[in-house]
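**Q** kindly generate the corresponding structure for this input.
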Amino acid sequence: MSEIPSAPARSVLVTGGNRGIGLAIARAFEANGDKVAITYRSGEVPEGLLGVKADVTDAASIDAAFTEVEAAHGPVEVLIANAGVTRDTLLMRMSEDDFTSVIDTNLTGAFRVIKRASKGMIKMRKGRVVLISSVVGLYGSPGQINYAASKAGLVGIARSLTRELGSRGITANVVAPGFINTDMTAELPEATQKSYLASIPANRFAEPEEVANVVRWVASNEAAYISGAVIPVDGGLGMGH
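**A** This next block holds a predicted model:
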């Protein structure tokens, strides 16, 4: 029985890829043999990855980052829009800046990087766009109107992008994680963690690698006929949403 030939290495860019879920995603593609670059705003660049400083709220910064990645790895074939922020507070305490700053990073930031990446993808007539949303974007969460709105908006982007560029061999999908084992989760009070666990049918938090493996798969040739989909990785928390 003949072996399946390995796919050629692709140019992959993960925004916000130097920690947490973003880093796990970057490592999954690195293990796949791809050429992986990450954007970051602060901190260190993990070993083995090409790090480019970029601010997704600044189009010029994004353009410069893409130019650097293209020079090193070629046109970006796989874009993972992962960069995001939170400014949680209840509606009556939420300032307009609390709302617009989260939208500008999480939603408009995704628009900026997708627009820049699409130039090369259209020319190549191939590409994979994966947007990292959240169960909160479809399920809702008190104190997160800004974050939920930004993450829900990614679904509209992916589906509109699918209709615009689907005929060019480009797919756009959304992965929506639930509660993940990260440093942030570990710092929550024990009572809060127990409350969250009680709402998850799987009765545990996910590991970052479990999200990363789904992202890697939906960006693979095996998932070439999937586009405009929302794939939850939430242990059943958001069923039907």
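
**Q** tell me the contacts of the residue nearest to Thr15 when sequence neighbours are not counted?
**A** Ranked by C-beta to C-beta, 6 or more residues apart in numbering and with sequence neighbours excluded, the top spatial neighbour of Thr15 is Ala83, at 4.0 Å. From N, CA and C alone the C-beta is placed, and that goes for glycine too. Each residue near Ala83 by C-beta atoms under 8 Å, 6 or more residues apart in numbering is listed here: 15-16, 22, 39, 56, 105-106, 109.

**Q** is Ala83 in a helix, a strand, or coil?
**A** Look at Ala83: counting by DSSP: H, G, I helix; E, B strand; the rest coil, its state is coil.

**Q** on that earlier part again, so which of the contacts of Ala83 comes closest to Phe179?
**A** Within the contacts of Ala83, proximity to Phe179 (C-beta to C-beta) peaks at Gly22, which comes in at 16.7 Å.

**Q** my guess is the closest one meets Val56, correct?
**A** No - applying C-beta atoms under 8 Å as the test, Gly22 and Val56 come out as separate, 12.0 Å apart.

**Q** give me the common contacts of the two.
**A** Overlap between the neighbourhoods of Gly22 and Val56 consists of 15-16, 83, taking contacts as C-beta under 8 Å, 6+ apart.

**Q** out of the residues you listed, the closest to Ala191 would be?
**A** Compare each of those with Ala191 using C-beta to C-beta and the shortest gap goes to Gly16, at 29.6 Å.

**Q** residues in contact with the closest one?
**A** The neighbourhood of Gly16, defined by C-beta under 8 Å, 6+ apart, consists of 22, 38-41, 56, 82-84.

**Q** PyMOL command for the buried members of those?
**A** One line in PyMOL is enough to select the buried ones among the contacts of Gly16; burial here means 16 or more other C-beta atoms under 10 Å:
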select buried, resi 22+38+39+40+41+56+82+83+84
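
**Q** I'd like the shared contacts of Gly22 and Val56 written out as CSV, with pLDDT and distance to Ala64 added.
**A** What follows is those, written out as CSV (pLDDT from 0 to 100; distance: C-beta to C-beta, whole Å):
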residue, pLDDT, distance to Ala64
Thr15, 98, 14
Gly16, 96, 17
Ala83, 96, 15
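
**Q** the residue lying closest to Asn106 once chain neighbours are set aside: helix or strand, and which one exactly?
**A** Spatially, and ignoring its direct neighbours in sequence, Asn106 is nearest to Ser150 (3.5 Å; C-beta to C-beta, 6+ apart). Under DSSP states H and E, the secondary-structure element containing Ser150 is helix 145-165.
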